[in-house]
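J.: Provide a 3D model corresponding to the input given below.
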Amino acid sequence: MPDYRITVRQDTAGWTIVALMIIIGVIAYVGLRGSAQAPPGRAKTTASLKVVPTMRYAIVSPTETKFTRCKFGPGGAPFHSTSTALGYPNGRCWIGKSRSTWPIKINRDPQSEVLVWGSNAVPSDGGTQWRLCNLGADPAVACNGPHGLPGKDQFVVENFWAGGQNRTGLTDAQLCAATFTSSGGCFVSMGQSQSEGMVVIGPSTPDDNSIFWKIRISWIAVPP
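T.: Model prediction:
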């Protein structure tokens, strides 16, 4: 009889402890889940914004043209210049006329600085190219021909406009296109355009016998 009573009490106490542990665990779990929930729902709006364009551009027309009105190159027949073909040594050809005709028009927008540069002269057969050189006392690339003119496989390109002429010649690096202002600066006002012509001075002698050559003159508008 005493043994029976002792056994019941131990079992009851044991299950009571287990039940309390389970209940406490459930309450703790529910409490943790409740604290991790997000706050009440949120709302938002998206606003759009338009800004003024900042891209600068230069437009050149025509996109292709030809040097003509060629002179000099008194090397004797058949190497002297004709009206449409450059002669040797150091013949000259023009696009336009320095004091009256400027066929190349450059437009740019918005306010910007304008830079200009030239390329090598490339023969139609893909052979030896002519390289740009410069005239004057402090040339970027010296012309090594007689009297400071272009030497073998060298040439000069000068641009001119109503207000003057670039007497030193273009280079293959981007330089200020001073044709746009009377002061010689690079800055160009909104909507301003410029008309120009070109003159090329050929080499003393060429390595390549091609009769067709291409020269690329480029302008670019950049932030002031």
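J.: contacts, neighbours, all on C-alpha from now
T.: OK.
J.: Below-threshold pLDDT in the protein: ranges please.
T.: For the chain, the stretches with pLDDT under 70 are 1-39, 74-77, 109-110, 178-185, 187-191.
J.: Just the element for the most centrally placed residue in the chain, please.
T.: Nearest to the mean C-alpha position of the chain, counting by C-alpha atoms, centre = their mean, stands residue 220 at 7.2 Å. If you go by DSSP states H and E, residue 220 is part of strand 217-222.
J.: Show me what that strand pairs with in its sheet, parallel or antiparallel.
T.: strand 112-118 (antiparallel) (DSSP bridges).
J.: Report the next helix or strand after the partner strand in sequence order.
T.: From strand 112-118, the next helix or strand downstream (DSSP H and E) is strand 122-123.
J.: Who are the packing partners of that next one?
T.: The helices and strands touching strand 122-123, judged by 3 or more C-alpha pairs under 8 Å, 6 or more residues apart in numbering; DSSP states H and E, are strand 213-214.
J.: Show me what the strand it packs on is packed up against.
T.: Strand 213-214 packs on strand 122-123, going by 3+ C-alpha pairs under 8 Å, 6+ apart.
J.: Please name the strands paired to the strand it packs on in the sheet, noting orientation.
T.: Strand 122-123 has these strand partners (DSSP bridges): strand 213-214 (antiparallel).
J.: Need the contact partners of the partner strand.
T.: 121-124 (C-alpha atoms under 8 Å, 6 or more residues apart in numbering).
J.: Residue 118 is in contact with the residue nearest to the centre of the chain, correct?
T.: No: using C-alpha atoms under 8 Å, residue 220 makes no contact with residue 118, being 11.8 Å away.
J.: before we move on, the earlier item: what residues does the strand holding residue 220 touch?
T.: With C-alpha under 8 Å, 6+ apart, strand 217-222 has contacts from 56-58, 60, 108-109, 112-119.
J.: what about stretch 200-216, how long is it end to end?
T.: 12 Å (C-alpha to C-alpha, to the nearest Å).
J.: Residue 158 pairs with what?
T.: residue 199.
J.: Tell me where the protein has helices.
T.: Under the criterion DSSP state H, the chain contains helices at 2-36.
J.: Out of the contacts of strand 217-222, which two sit at the greatest distance?
T.: Spatially, the most separated pair among those is 109 and 119, at 24.4 Å (C-alpha to C-alpha).
J.: So what's the residue count around the spatially closest residue to residue 129 that is not a sequence neighbour?
T.: Excluding the flanking residues, the one nearest residue 129 by C-alpha to C-alpha, 6 or more residues apart in numbering is residue 122, at 5.0 Å. As a burial measure, residue 122 scores 19 neighbours (other C-alpha atoms under 10 Å).
J.: Residue 60 too?
T.: 18.
J.: Next: the one 5 residues further on.
T.: The local packing of residue 65 (other C-alpha under 10 Å) involves 10 other residues.
J.: hang on, the earlier thing: as CSV, the contacts of strand 217-222 with distance to residue 78 would be great.
T.: Rendered in CSV, the data for the contacts of strand 217-222 read as follows (distance: C-alpha to C-alpha, whole Å):
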residue, distance to residue 78
56, 47
57, 44
58, 41
60, 36
108, 43
109, 47
112, 47
113, 45
114, 41
115, 39
116, 35
117, 32
118, 29
119, 28
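J.: neighbour-wise, which of those residues leads?
T.: residue 114 leads the contacts of strand 217-222 on contacts (other C-alpha under 10 Å) with 28 neighbours.
J.: So which residues of the protein form strands?
T.: 57-61, 68-71, 92-95, 104-109, 112-118, 122-123, 131-132, 154-161, 164-165, 175-176, 187-188, 193-201, 213-214, 217-222 (DSSP state E).
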